[in-house]
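Novice: I need the structure of the sequence given here:
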Amino acid sequence: MLKKILIALVIVVAGLAVVIALQPATFRVTRTATIAAAPADVFALVNDFHQWDAWSPWAKLDPAMKTSYAGAAAGQGAVYSWVGNSDVGEGSMTITDSQPASRVNIKLEFIKPFASVADTVFEFAPASAGTTVTWTMSGDNNFLSKAFCLFTGGMDGLIGPDFEKGLAQMKAVAEGKK
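Specialist: Numbering: from 1, shown residues only. Model prediction:
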């Protein structure tokens, strides 16, 4: 009887491993909002990490979070690092490219709760109502992140709502509705 249970358990674990391995190797999460402000004004909120506390969806999750800044004051080479509770984890962001009022590329590195690296891009386009902001994060899914996403609905379901909240808060700040 024990032998049959062990064989069944091995089959279930092997089957689950195959399902996890077949999950997408990459992820991409994108959200867009229109903000009634000039592209240069909205760009400034992203290009300077010192401005992120005003709109970031994660900034208020841990009031005791330790943050630090290094490198350039803003733009390419600026670095923001944090260490916080389980809601925010630990990591850093580095602006790798900055095109005034047009685009900011960020390398996002998580240390905790899980080590990972992702590329984040903010694009700013003039629109009749102000500026269209597109926030995109993309990266690779290793076996552990594939398993995590399988049971949590994927990165879009995990991070997409935070992007929506962040863009809404960015809109409020840029439009002067703090």
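Novice: make it CA atoms for all contacts and neighbour counts henceforth
Specialist: OK.
Novice: can you tell me the element the residue nearest the centre of the chain falls in?
Specialist: Geometric centre of the chain, nearest residue: Met137, 5.7 Å, by CA atoms, centre = their mean. For Met137, the host element (DSSP states H and E) is strand 130-140.
Novice: before we move on, what about Met170?
Specialist: Counting by DSSP H and E, the element that carries Met170 is helix 154-174.
Novice: for that helix, packing partners?
Specialist: strand 26-35, helix 39-47, helix 143-152 (3 or more CA pairs under 8 Å, 6 or more residues apart in numbering; DSSP states H and E).
Novice: roughly how far is the host helix or strand of Leu6 from the heart of the chain?
Specialist: Using DSSP H and E, the element containing Leu6 is helix 2-21. The chain centre lies 34 Å from the centre of helix 2-21; the measure is CA atoms, centre = their mean, to the nearest Å.
Novice: dump it to PDB, restricted to CA.
Specialist: Provided in PDB are the C-alpha atoms of helix 2-21 (Å, rounded to 0.1, in the frame of the first residue of the first chain):
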ATOM      1  CA  LEU A   2       2.800   2.400   0.900                       C
ATOM      2  CA  LYS A   3       4.500   1.700  -2.300                       C
ATOM      3  CA  LYS A   4       1.400   2.600  -4.300                       C
ATOM      4  CA  ILE A   5       1.000   5.900  -2.400                       C
ATOM      5  CA  LEU A   6       4.700   6.800  -3.000                       C
ATOM      6  CA  ILE A   7       4.300   6.000  -6.800                       C
ATOM      7  CA  ALA A   8       1.200   8.100  -7.000                       C
ATOM      8  CA  LEU A   9       2.900  11.000  -5.100                       C
ATOM      9  CA  VAL A  10       5.900  10.800  -7.500                       C
ATOM     10  CA  ILE A  11       3.500  10.900 -10.500                       C
ATOM     11  CA  VAL A  12       1.700  13.900  -9.100                       C
ATOM     12  CA  VAL A  13       4.900  15.800  -8.300                       C
ATOM     13  CA  ALA A  14       6.400  14.900 -11.800                       C
ATOM     14  CA  GLY A  15       3.200  16.100 -13.500                       C
ATOM     15  CA  LEU A  16       3.200  19.300 -11.500                       C
ATOM     16  CA  ALA A  17       6.800  19.900 -12.400                       C
ATOM     17  CA  VAL A  18       6.000  19.400 -16.100                       C
ATOM     18  CA  VAL A  19       3.100  21.900 -15.900                       C
ATOM     19  CA  ILE A  20       5.300  24.500 -14.200                       C
ATOM     20  CA  ALA A  21       8.100  24.000 -16.700                       C
END
